[in-house]
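Visitor: Give me coordinates for this.
(2 chains, ligands or ions: 2)
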Amino acid sequence: MSTAASHAEPARPHGDSHHAGEPGHDEEHHGPAWLAHHFDTPAQQFDAAKLGMWAFLAQELLFFSGVFVAYGIFRSWYPEAFSGASHQLDRVMGASNTIVLLFSSWTAAMSVRSSQLGKKAQTSGYLIVTIACAFIFLVVKYFEYQHKFHAGLLPGKFFGHPVDGGLFGAIPAGHGHVPHLPAKAHIFFSLYFVMTGIHAIHVIVGIGVMFWILKRNASGEFSKEFFTPVDLVALYWHLVDLIWIYLFPLLYLID
Amino acid sequence: MGAATTTVPRAQAHHPDPNENYLKAERGIMSWIYTLDHKRIGVMYLVSVLLAFLIGGIFALAVRLELFSRGKTIMDADAYNRTFTLHGVVMVFLFIIPSVPAALGNFILPIQLGAKDVAFPRLNLMSYYIYVFGACFALYSMVNGAVDTGWTFYTPYSMRTTSAVIPMVLGAFIMGFSSILTGVNFIATVHKLRAPGQTWTKLPLFIWGLYATSIIQVLATPVLAITLLLLCLERFLGLGIFDPKLGGDPVLFQHFFWFYSHPAVYIMIVPGMAVVNEIIATFSRRAIVGYMFVAMSSLALALLGFLVWGHHLFVSGMSEYATMVFSALTFLVAIPSGVKVFNWVATLYKGSIRLESPMLYALSFIFLFTIGGLTGLFLGVLAIDVHLHDTYFVVAHFHYVMVGGTVMGFVGGLHYWWPKITGKLFNEGVAKVAWALVFIGFNVTFIAQFIMGSRGMPRRYYDYLPEYEIFHKVSTIGSWILGLGFLTMAVMFVASLIKGQKSTRNPWGSAALEWQTPTPPPLANFIKVPTITRGPYDYHLATEEELSEK
Ligand code: HEM
Ligand SMILES: [Cu+2]
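Guide: Ligands and ions are numbered 1, 2, ... in the order given. Predicted coordinates for the structure are as follows:
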């Protein structure tokens, strides 16, 4: 039977990343249990996962880029409002959160490292510390938000109305004004809440995923050979950290 | 890698069990709902987008019918606004964006790569359900007051109207993530799952197109996502970002929106072009002329797509300098588009052309897209755009591109791969009649719109002056012919499912990889992992065996 192979040039280059090592990688099961059926080698599976994650993170950056552009535009339009409003933020709390996140990025990286070395208990330890940091970050954020709520530093049309009820409970609708702040300061707080809010949602998602990874680690799914999920969640966590590194100076520090 | 022994997949003879295909391998509704097989997911997308096309089409016919005569014909002005908005939203977000990549691409891409599946099958299934979830929001909005903003959701109107903007916008937001995840999946698949021997220069042009599209999906869609989120928050909290009353900037919304939506027109058209490459090669039995130029022009379109969004804002208030830069950049788009068209024509020249139904659609694509692209140049010229902006000329332009281009590509691809997907042949005679109706109906509908647009008929108007009446009548009658064409096609496909003849492995005699595996493909796509030894269009290297029907 004639096949395309009979026309083959002798040197047959293959996909730059295709690490097909062994012949006959067909229907019958191959490799360890964690190797999905449609991959030929662990390296191929790992590379694909990593590339996919990077593409996803690129997407995340562009998602945030919208609010960064909005920030840039309104900052240049209303510089006094922005500088006046940014003084209302608590730099100490912001700075402590920055430190907490930086530290957690380090522990996340260490969890990957220990997973690569096959140290299961250590991996769990680092993951737990990372999760704990994430919680600390949220608690600090909660207090920050609470102060803003009480001071009436709310987004958009709620701006200037001190709250006494729940999140939106007792706020009368309407466009308020906090006397000691310049006009248009509400836009700064709109952006503040949107930017930090979306970031906080990313933190919460990160916590959820890390718990899941922690559970999988505890049940012994990972090994020196297979630690991709730990690696990917750490990458994600670094991005969350990176975005905060931009948010902090933009919102809290620049006058 | 066992190169000497592994070969391209054989015909069914090697696999005596005729039941071993992806449709029959597992049974029951649950085996579809939880499937991780890219082919089944592709089929589920296909059914969904066809349903969306039907819904969007009904809205379109309703809009045209309303405009058949002056004054009220079948609905009041308010219902009219909602109907054309729903038509746009459904066609853009539910139909055209997922049509080629998510439906046909999901099915064909891994097979053309010689892979067993996409890189992340679970993510693939998730993308599908995210799409369905988003579509449910859109549906909810439709039955709960709908939206009357136009599919562009321009502020500040979209903040003031009492129609159901939030669920619709959330629906588009959610479907955006489906699109992003499909893009991520395809990028990883193309990079990492190519079969042994499948170099970048042996990649089918369909893959090149989908790859370029995926890049746009990943880089442009998140910007729309954040924009729509801000719009929801603006309505909900009055952020003051887009609302001029609160100090915001409504034009900023337009910039954000078009930063996504212009690249999105390439999410629509590049896959259509990609399908056309496959069809032209198969039906002229020839390699696409200038393979590398055609491949790179997809990437060029993807990149240029990010630089020209400002041409939608020529009359929205931009600095003169900015308008000139955007105008100049817009013309650059004509270069890669032209490269493609000229290469197709060069391929056809001297090819041994067979005018079967997929080819008829591919040729229509070239013809209609050329008109759509050239009229785009008119709009790119600053001074002319000021006259034509928001007239029926624009409507005709983008329908020539989106319907004349993308839909023709999609439908052509559907005809082309139908036997591979379903295992059934369709009635070629009926298919040709349907094509003729679609082609004639389409041109009648939109040529009338070019003329009335250039004479000043504005888009999105419920009523019009008497001098436009004749054009509207012609356009509406054209839409009926077009609708009849699609109806004929639908009947033909359903008939094929019910009593169509069983298709052979390679009914068109194509040299491309997906035709070398049994029809319908087995679960793992190939009986044996193929080793790619020649390009998909190397007809001179292909063997009789490969080109035979069998
Ligand atoms: C390639 C596929 C294309 C698609 C799918 C497409 C689609 C569209 C759509 C949907 C609109 C309508 C915007 C609205 O609602 O106002 C539009 C407008 C426009 N298109 Fe295209 N287009 C394509 C190619 C081109 C090309 C090649 C050019 C120029 C070289 C071009 C130039 C324009 C311009 C300048 C406008 C703005 C018209 C106005 O608002 O006055 N387009 N296009
Ligand atoms: Cu555009």
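Visitor: in the chain, which helix has the most residues?
Guide: If you meant another chain, say so; for now it's chain A. Assignment by DSSP state H gives helix A:42-77 as the longest helix of chain A.
Visitor: sorry, should have said chain B
Guide: Chain B, longest helix under DSSP H: helix B:250-284.
Visitor: ok, the closest residue to residue B:513 other than its chain neighbours - contacts?
Guide: Spatially, and ignoring its direct neighbours in sequence, residue B:513 is nearest to residue B:112 (5.4 Å; Cβ to Cβ, 6 or more residues apart in numbering or on different chains). For glycine as for every other residue, the C-beta is placed from the backbone atoms N, C-alpha and C. For residue B:112, the contact set (Cβ atoms under 8 Å, 6 or more residues apart in numbering or on different chains) comprises B:204, B:206, B:207, B:512, B:513, B:514, B:536.
Visitor: Relative to residue B:287, how far out is residue B:112?
Guide: Using Cβ to Cβ, to the nearest Å, residue B:112 is found at 16 Å from residue B:287.
Visitor: And the helix or strand harbouring residue B:49, what's buried?
Guide: Per DSSP states H and E: residue B:49 is located in helix B:38-66. Using 16 or more other Cβ atoms under 10 Å in any protein chain shown as the test for burial, helix B:38-66 gives B:38-46, B:48-50, B:52-53, B:55-57, B:59-66.
Visitor: a markdown table for the contacts of residue B:112, including distance to residue A:87, secondary structure and neighbour count?
Guide: Putting those into a markdown table (distance: Cβ to Cβ, whole Å; DSSP: H, G, I helix; E, B strand; the rest coil; neighbours: other Cβ atoms under 10 Å in any protein chain shown) gives the following:
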| residue | distance to residue A:87 | secondary structure | neighbour count |
| --- | --- | --- | --- |
| B:204 | 59 | coil | 26 |
| B:206 | 57 | helix | 27 |
| B:207 | 54 | helix | 28 |
| B:512 | 65 | coil | 22 |
| B:513 | 64 | helix | 27 |
| B:514 | 63 | helix | 25 |
| B:536 | 63 | coil | 28 |
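Visitor: Need those in CSV (columns: pLDDT and distance to ligand 1).
Guide: Output for the contacts of residue B:112, formatted as CSV (pLDDT from 0 to 100; distance: Cβ to the nearest ligand atom, whole Å):
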residue, pLDDT, distance to ligand 1
B:204, 96, 21
B:206, 97, 17
B:207, 98, 20
B:512, 94, 25
B:513, 94, 28
B:514, 95, 26
B:536, 92, 24
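Visitor: Between the residues you listed, which sits nearest residue A:241?
Guide: Distance to residue A:241 across those (Cβ to Cβ) is lowest for residue B:207, with 35.7 Å.
Visitor: does residue B:152 sit in a helix, a strand or a coil?
Guide: coil (DSSP: H, G, I helix; E, B strand; the rest coil).
Visitor: if we can go back for a sec, which strands and helices sit next to the longest helix of chain B?
Guide: The contact analysis (3 or more Cβ pairs under 8 Å, 6 or more residues apart in numbering or on different chains; DSSP states H and E) places helix B:250-284 against helix A:42-77, helix B:97-98, helix B:205-237, helix B:291-304, helix B:334-348, helix B:357-380, helix B:392-401, helix B:408-422.
Visitor: Just checking the distance from the first one to the centre of its chain.
Guide: With Cα atoms, centre = their mean, to the nearest Å as the basis, helix A:42-77 stands 10 Å off its chain's centre.
Visitor: Residues of the stretch 401-550 of chain B that sit close to chain A?
Guide: Counting by Cβ under 8 Å from any Cβ of the partner chain, the stretch 401-550 of chain B comes close to chain A at B:524, B:528-529, B:531-534, B:541-546.
Visitor: Quick one: neighbours of residue 225, just the number.
Guide: You didn't say which chain, so I picked chain A. 14 (other Cβ atoms under 10 Å in any protein chain shown).
Visitor: that's the other chain; I wanted chain B
Guide: With other Cβ under 10 Å as criterion, residue B:225 counts 23.
Visitor: how about stretch B:305-320: buried residues?
Guide: B:305, B:306, B:307, B:308, B:309, B:310, B:311, B:312, B:313, B:314, B:318.
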